[in-house]
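Enquirer: I would like to see how this sequence folds:
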Amino acid sequence: MLPWKRLLRPVSALLLAVSATVVPAATTAHAATAATATSWGSPRSSEAESGWNDYSCKPSAAHPRPVVLVHGTLGNSVDNWLGLAPYLMHRGYCVFSLDYGQLPGVPFFHALGPIDKSAEQLSAYVDKVLAATGATKADVVGHSQGGMMPRYYLKFLGGAAKVNALVGIAPNNHGTTLAGLTNLLPFFPGAEDLLTAATPALAQQIVGSDFMTKLNEGGDTVPGVRYTVIATRYDEVVTPHRTQYLSGANVRNILIQDLCPLDLSEHALLGLTDRIAFHEVANALDPARATATTCASVFG
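Expert: Presented below is the predicted three-dimensional model:
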């Protein structure tokens, strides 16, 4: 029989692997879509041609603020937004997306580096977009970590003066238990240290982490910003799903199944393909022109 400590090593590694792979539950299938697009031409090239990440785009009177899209853990600026970016673009928005949280030697899969450093990257990117478009403020839409990380920017890096609204799609606002998996970490010596060293952003997103404590201390929100949270009860990554909700002024928390009980989207699909969620994003960006979201919104 293997000695106990030798047995713990592979179990700890397995736990790390589960933590890393469960986050983008549908990323593999979606990456295949991105790969198909690449085979017919560069996704980034087609974005520029159609207005996505086009720095010559000037916001219209109807939509006076550029929209900055912030991908989730293990996502990137293209893969995460092949659904939502065109959806918003076709509605007249200037749409931009960034890559952040890159680790050395890890291509394509981002948002794994320290979240506070990622927030600094977002800060610089918003400044770049505002300078290019001439707008005084931007709207930010993020998925998963991308719906939570901007709150650090708003709270600690002066972002509240530059952002009108933050829309979080399945955001990890108060830490996750990964359906209880993180509760097992204390039973595997060294697993948490390994997680922190290898992928800091994963460790920081665990419920009770120092990062989460700092982020939420003194309140979830800052004055002057409108907040929207779009959650699904079938979320298997940010658990329990109600921990995604925010408290404070100018907050709207939405459970997608309250709008369409037939919507079975889980964590990844809510941000990647769910047009009912996309309709609520559009409502949050332009509340004066908001229309009712129902199951029929999938055809909108």
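Enquirer: which regions of the protein sit below the pLDDT cut-off?
Expert: Along the chain, the model assigns pLDDT under 70 to residues 1-51, 178-197.
Enquirer: ok, which stretches of it are strands?
Expert: All strands of the chain, identified by DSSP state E, fall at 67-70, 95-98, 138-143, 163-169, 226-231, 251-255.
Enquirer: can you put those in JSON lines and add distance to Lys117?
Expert: (C-beta placed from N, C-alpha, C; glycine too.) Converted to JSON lines, the strands of the chain look like this (distance: least, C-beta to C-beta, whole Å):
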{"stretch": "strand 67-70", "distance to Lys117": "14"}
{"stretch": "strand 95-98", "distance to Lys117": "13"}
{"stretch": "strand 138-143", "distance to Lys117": "16"}
{"stretch": "strand 163-169", "distance to Lys117": "19"}
{"stretch": "strand 226-231", "distance to Lys117": "23"}
{"stretch": "strand 251-255", "distance to Lys117": "27"}
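Enquirer: between the ones you listed, which one is nearest to Asn80?
Expert: strand 138-143 (5.9 Å; C-beta to C-beta).
Enquirer: What residues sit buried inside the closest one?
Expert: Ala138, Asp139, Val140, Val141, Gly142, His143 (16 or more other C-beta atoms under 10 Å).
Enquirer: For Phe278, the count of nearby residues, please.
Expert: Here the number of neighbours of Phe278 (other C-beta atoms under 10 Å) works out to 25.
Enquirer: looking at it, Ala170 is touching Leu270, isn't it?
Expert: Yes: with contacts counted by C-beta atoms under 8 Å, Ala170 reaches Leu270, the gap being 5.0 Å.
Enquirer: higher neighbour count, those two?
Expert: A side-by-side neighbour count of Ala170 and Leu270, using other C-beta under 10 Å, places Ala170 first with 32 against 24.
Enquirer: how far out from the middle of the chain is stretch 82-90?
Expert: Here the centre of stretch 82-90 is set off from its chain's centre by 15 Å, with C-alpha atoms, centre = their mean, to the nearest Å.
Enquirer: Would you mind writing the CA trace of that stretch as PDB?
Expert: The C-alpha coordinates for stretch 82-90 follow below in PDB (Å, rounded to 0.1, in the frame of the first residue of the first chain):
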ATOM      1  CA  LEU A  82     -18.600  35.100 -30.100                       C
ATOM      2  CA  GLY A  83     -22.200  35.300 -29.100                       C
ATOM      3  CA  LEU A  84     -22.700  38.500 -27.100                       C
ATOM      4  CA  ALA A  85     -20.300  40.800 -29.000                       C
ATOM      5  CA  PRO A  86     -22.200  40.500 -32.400                       C
ATOM      6  CA  TYR A  87     -25.500  40.700 -30.500                       C
ATOM      7  CA  LEU A  88     -24.600  44.100 -29.000                       C
ATOM      8  CA  MET A  89     -22.800  45.300 -32.200                       C
ATOM      9  CA  HIS A  90     -25.900  44.700 -34.300                       C
END
